[in-house]
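In: I'd like to go over a predicted model; first the sequence, then the structure.
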Amino acid sequence: MTTTASGADLMAFDEALERFDPVMGLEVHVELNTVSKMFCACATTFGAEPNTQVCPVCLGLPGALPVLNAKAVESAIRIGLALNCEIARWCRFARKNYFYPDMPKNFQTSQYDEPIAYHGYTDLDVGGETFRVEIERAHMEEDTGKSLHMGGSTGRIHGADYSLVDYNRAGIPLIEVVTKPIEGAGGKAPAVARAYVAHLRDVLQGLGVSDVRMEQGSLRCDVNLSLRPFPSAPLGTRSETKNVNSLRSVERAVRYEISRQASLLVAGGSVVQETRHWHEDTGVTTSGRSKEQAEDYRYFPEPDLVPIAADHAWIEELRSTLPEQPSRRRARLQAEWGFAELEMRDVVGAGAVDLIEHTVIAGASPAAAKKWWLSELARRANDSGVALHDLAITPEQVAEVQALVESGRVNDKLARQVLDGVLAGEGSPDQVVASRRLEVVSDDGALSAAVDRAIEANPDVAAKIRGGKAAAAGALIGAVMKEMRGQADAGRVRELIVSKLS
Amino acid sequence: MTDLTRLSAAALAQALRTGDVTSVEATRAHLDRIAEVDPAVHAFLHVDAEGALASAAAADARRAEGVPEPALLGVPVAVKDIVATKGVPTTCGSRILEGWIPPYDATLVKRLREAGMPILGKTNMDEFAMGSSTEHSAFGPTRNPWDLDRIPGGSGGGSSAAVTAYEAPLAVGTDTGGSIRQPGAVTGTVGVKPTYGGVSRYGIVALASSLDQAGPVARSVLDAALLHDVIAGHDPMDSTSIDKPWPSMAEAARRSDITGLRIGVVRELGGEGYQTGVQARFDDAVALLVKSGAEVVEVSCPHFELALAAYYLILPSEASSNLARFDAMRFGLRVSPENVAAPSAEQVMEATRAAGFGDEVKRRIILGTYALSSGYYEAYYGQAQKVRTLVTQNFQAAFDQVDVLVSPTAPTTAFRIGEKLDDPLAMYLNDIATIPANLAGVPGMSLPSGLADEDGLPTGIQILAPALEDARLYTVGAVLEASLEEQWGGPLLDQAPALAAAAASSMDGR
């Protein structure tokens, strides 16, 4: 098995796993979807004109002071509860001090030794088995601005002529969810990493606290990985891979780091503790800044904010707003839908639970909903390299397509064309049927004339049918369908043939 | 007409109310006074004549409408240059902010504007409020109107000198370790640091966030109270602002009875290290308080002796972080490093900070950066916070026994310009009596206690009250002020040399 594009000098993944036991730590940054920023009233809309959603506070102007967004605290607590964390009864923000042009105050208001949520866990489904990931902490912080490096070929700071900074993102509330070291995954480590991020995404989506769009950066993952010679050995030196911003990349980055570190160690080298950058295009990580000259962030409690003391009643009230845990929900839906274990696993694996649920709510049967999402639509998603839920079709539209089939207005083959039309942005299923003129022809006049022409053109087949060989009707049906460009109601055609030739 | 600049704020407000004078007249009189004496005093970094006169005209128009009017409508005020004023330069006495025009008003400035108080200009200060003499201003020192060769205190020496020199009836200062009270003491004026959280910090360029507090600077206790009432009160833009209604400080200042009030003299803030004349005037003032019916006892606050050391860890730590934003990226000075063709952002930041900050600022940034460093945090910042807790407990224990505490405000009278510039530790010691109040967040007032026999310069007495009990300061202060002025035969400032003459001779001598 090859591991990466530049895998020639890297140890194969399987071999690496025979020699080493991987330990992972995953840090996920989640942008909350609050209306306003963490510490000021500025809007958080994604994609706005640069530096239009800013004020003295998020620009860090002299004299400006932060005021905490209560909604962000509420979201943080709900995330903590959904991840089975303890919620701090008293906690504070801290300043993380370092200089960077996209950080207006040159310190980030974050949490340090007093996170709002800590000591949790969450259970993942990895290839049908439950895998528990322990959560170290979930803490609140503010996002930084965004540097745009101009004039170079790579968009990176090296080789750029100048840089621009957009502070619209500065001060958007973030929750950082940090796992404890994930051990015991072995060869499943890449799958576990992916499943964890996918699971976290589902949980956050269920909570409604974030847009969780990895491609827009509202969910960002850092992968820490180290190897050790055998499971009970002390932890090895870890690398921290940043910028891993799709589920597929999470999986690939873990695989790559396992192979890379194994190659290094086997060759007698050692792993350097450093930040590494993931390159989506080439599938490799490269060295970033070395942690040897580790920045000293000089954390200290943020004196401009008062401590947060979440009272018990509030926490319990928020707990009561939590949606059903994903694992419990899956079991319930499997029973409601009457799916076999294996079928349900396929549904979960395809990330289609929500989609099918909503399709069923919109009126389709569970079996039909599953059929469309897991066959036709899954294939199209795969062909265009997007996630199932990113396809330009809604569960309601899929249910409509199924209703068209059930009413006999289109057959399965036409239904596929309807899907193509919807995906191509041609409108609702009804509109596509109308504009592409896909409706099944069951008008007896037109069909009868076509059947007559088919009988005339195929006298020997007609003779066979007259002679009692009903199975021969298929050939005539085919001819009629061809003439009608597939839009004939096949059942009605058969009836007409039989009645005309009996 | 009488010289409008000689009126107290209360008297000027009264004259404005009765229609004897207009705000435009009063404002113009102060602008004229500034033009006359500020070349010698240098209390102002920026005079906003146009803005002040426009506000004055608006105040006069508002009065003409006859609707209920704020107490100080039309009374001009000066504002320390650390407070953001929309459209008016705000430098914090630093090169690094030279030319910066804030796009917004600090909350307290909004309140001044809402109260119809014309802002005369921005007063000089030690750079980023770091200092006790105003000598650390990047734009040159302010001079003490009592003796132009001496310091007016600091960091708010511009505000104290402005009211002393009759350039403004009132001024706003900020006090992180004594920057309102110590200048008040050495210029013979009144300065109050309210309870932490009493006046919004929104728009005040932060020195040490957990210590900073803005307050009034005035020539009388009542005047200070009137200004306090304008600027104090809850502000949702400052998370540390106290959300509770405050009693009227002006009313407290008019309550002239302290019979039975228990007053504690802080044993640790006096005696050795305090100038003879300072101690003598303090003792006299305490005797007057007894005569007015107060009970005086000595109380001990043993941990006050550690306060200065703790303060000089906490302040630089917070300052090192607060001052990080001055990086040339978004506002203020931008300096490119020499001999670098295409400097990186980091190199520009470094060059700008090297050129834009003065030595004292750099000294404290370095101290604070060190104190917060991993491996040292517990030994320095952590320990200092523990001392802070002990100081607070000392106050609590003392206030279990007495209603207010008193001490000399500063250990010395105004020293000569240049005298302590090369000895930071000696300079820091000038705040030894004022710092504990900032660490504990309790309110403090300095008012004149007289003139030291040895040098004829003003001395100050400090009154401290429990948190939220700012009103007590005004009642005690007003009673003491009345007794003292009876003794002096008028305000202490009447004994100050006539400035114009003094200014001229001093200028000649240079």
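Out: Yep, it's here. Residues are numbered from 1 along each chain as shown, chains lettered A, B, ... in the order given.
In: roughly how far does the residue of chain B most remote from its centre sit from B:Q347?
Out: Largest separation from the mean C-alpha position in chain B: B:A341, at 44.7 Å (Cα atoms, centre = their mean). B:A341 sits 11 Å away from B:Q347, going by Cβ to Cβ, to the nearest Å. C-beta: built from backbone N, CA, C; applies to glycine.
In: just A:G60 next, same as before
Out: A:G60 is 20 Å from B:Q347, by Cβ to Cβ.
In: of these two, which one has the most company?
Out: Counted by other Cβ atoms under 10 Å in any protein chain shown, A:G60 and B:Q347 do not tie: A:G60 has more neighbours, with 25 against 13.
In: tally of neighbours for residue 119?
Out: By default, I'm working from chain A. Quick note: A:H119 (other Cβ under 10 Å) scores 15 neighbours.
In: my question was about chain B, not that one.
Out: B:I119: 23 neighbours (other Cβ under 10 Å).
In: I figured it hits B:A78, correct?
Out: Yes: using Cβ atoms under 8 Å, B:I119 is in contact with B:A78, at 7.4 Å.
In: list residues touching both of those two?
Out: Taking Cβ atoms under 8 Å, 6 or more residues apart in numbering or on different chains as the contact rule, B:I119 and B:A78 touch no residue in common.
In: quick check: buried residues in the helix or strand where B:T392 lies?
Out: B:T392 is part of helix B:383-401, with elements assigned from DSSP states H and E. Using 16 or more other Cβ atoms under 10 Å in any protein chain shown as the test for burial, helix B:383-401 gives B:383-385, B:387-388, B:390-392, B:394-395, B:398-399.
In: do the same with stretch A:125-139
Out: A:125-126, A:131, A:133, A:135-139.
In: so who does the residue nearest the centre of chain A touch?
Out: Centroid-nearest residue in chain A: A:A198, 5.8 Å away (criterion: Cα atoms, centre = their mean). For A:A198, the contact set (Cβ under 8 Å, 6+ apart) comprises A:247, A:351.
In: specify the local secondary structure of it.
Out: Using DSSP: H, G, I helix; E, B strand; the rest coil, the structure places A:A198 in helix.
In: hmm, back to that, could you dump the buried residues of stretch A:125-139 into JSON lines and include pLDDT?
Out: Shown next, in JSON lines, are the buried residues of stretch A:125-139 (pLDDT from 0 to 100):
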{"residue": "A:D125", "pLDDT": "83"}
{"residue": "A:V126", "pLDDT": "88"}
{"residue": "A:F131", "pLDDT": "94"}
{"residue": "A:V133", "pLDDT": "97"}
{"residue": "A:I135", "pLDDT": "98"}
{"residue": "A:E136", "pLDDT": "98"}
{"residue": "A:R137", "pLDDT": "98"}
{"residue": "A:A138", "pLDDT": "98"}
{"residue": "A:H139", "pLDDT": "98"}
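In: which stretches of chain A aren't confidently modelled?
Out: Applying pLDDT under 70 to chain A flags the ranges A:1-8, A:154-155, A:289-294, A:442.
In: so which residues on it come close to chain B?
Out: A:56, A:59-68, A:95, A:97, A:99, A:101, A:104-107, A:163, A:165, A:296, A:298-300, A:303-306 (Cβ under 8 Å from any Cβ of the partner chain).
In: which of the three states applies to the residue farthest from the centre of chain B?
Out: Taking three-state DSSP, the label given to B:A341 is coil.
In: tell me how many other residues surround residue 150.
Out: I went with chain A, as the question did not name one. 11.
In: ah, no, chain B please
Out: 21.
In: surely it meets B:E135?
Out: No: in this structure, B:R150 is not within contact of B:E135 by Cβ under 8 Å, at 10.9 Å.
In: common neighbours of the two, please.
Out: Common neighbours of B:R150 and B:E135 (Cβ under 8 Å, 6+ apart) are B:I417.
In: mind jotting down where the strands sit in the stretch 301-450 of chain B?
Out: B:404-408, B:444-451 (DSSP state E, counting those that start in this stretch).
In: can you tell which of these is closest to chain A?
Out: strand B:444-451 (19.8 Å; Cβ to the nearest Cβ).
In: give the pairing partners of the closest one; include direction for each.
Out: As defined by DSSP bridges, the strand partners of strand B:444-451 come to strand B:190-193 (antiparallel), strand B:458-464 (antiparallel).
In: most packed of those strands?
Out: Across the strands paired with strand B:444-451, averaging neighbours per residue (mean count of other Cβ atoms under 10 Å in any protein chain shown) puts strand B:190-193 on top, at a mean of 33.
In: and that strand, what's its mean pLDDT?
Out: For strand B:190-193, the mean per-residue pLDDT is 98.
In: what's in contact with the helix holding B:T392?
Out: B:262, B:264, B:266, B:297, B:299, B:301-304, B:306-307, B:309-311, B:313-314, B:317, B:371, B:405, B:436, B:439-442, B:464, B:466.
In: can you give the domain ranges for chain A?
Out: Listed domain ranges for chain A are A:7-295, A:326-429, A:444-501 (source: automatic domain parsing).
In: okay, these, which one's buried deepest?
Out: Highest mean neighbour count of the domains of chain A: domain A:7-295, a mean of 19 (counted as mean count of other Cβ under 10 Å).
In: quick one: contacts for the residue of the stretch 101-250 of chain A at minimum distance from chain B?
Out: Residue of the stretch 101-250 of chain A nearest chain B, by Cβ to the nearest Cβ: A:N106 (3.5 Å). Neighbouring residues of A:N106 by Cβ under 8 Å, 6+ apart: A:60, A:97-100, B:324-325, B:327.
In: break down the stretch 351-500 of chain B into its helices, ranges please.
Out: B:359-371, B:383-401, B:424-429, B:435-440, B:470-488, B:499-509 (DSSP state H, counting those that start in this stretch).
In: right, and the helix or strand after the helix or strand where A:R132 lies?
Out: Per DSSP H and E, A:R132 falls inside strand A:129-142. Under the assignment DSSP H and E, the closest C-terminal helix or strand after strand A:129-142 is strand A:146-150.
In: what ranges does the stretch 101-250 of chain B have for its helices?
Out: Under DSSP H, counting those that start in this stretch, the stretch 101-250 of chain B gives helices at B:107-114, B:157-164, B:181-187, B:221-231, B:249-254.
In: buried stuff in stretch B:66-81?
Out: For stretch B:66-81, by 16+ other Cβ under 10 Å, it's B:69-81.
In: ok, now which ones touch the nearest residue to B:E69 once chain neighbours are set aside?
Out: Nearest non-adjacent residue to B:E69, counting by Cβ to Cβ, 6 or more residues apart in numbering or on different chains: B:R63, 5.9 Å away. B:R63 makes contacts with B:16-17, B:23, B:69, B:73-74, as judged by Cβ under 8 Å, 6+ apart.
In: what's the helix or strand for B:R63?
Out: B:R63 belongs to helix B:49-65, assigned by DSSP H and E.
In: now do the following helix or strand past that helix: everything it contacts.
Out: Using DSSP H and E, the helix or strand that follows helix B:49-65 in sequence is strand B:77-80. By Cβ under 8 Å, 6+ apart, the surrounding residues in contact with strand B:77-80 are B:43-44, B:85, B:109, B:112, B:117-123, B:125, B:156, B:158-159, B:162-163, B:167-174, B:214, B:227.
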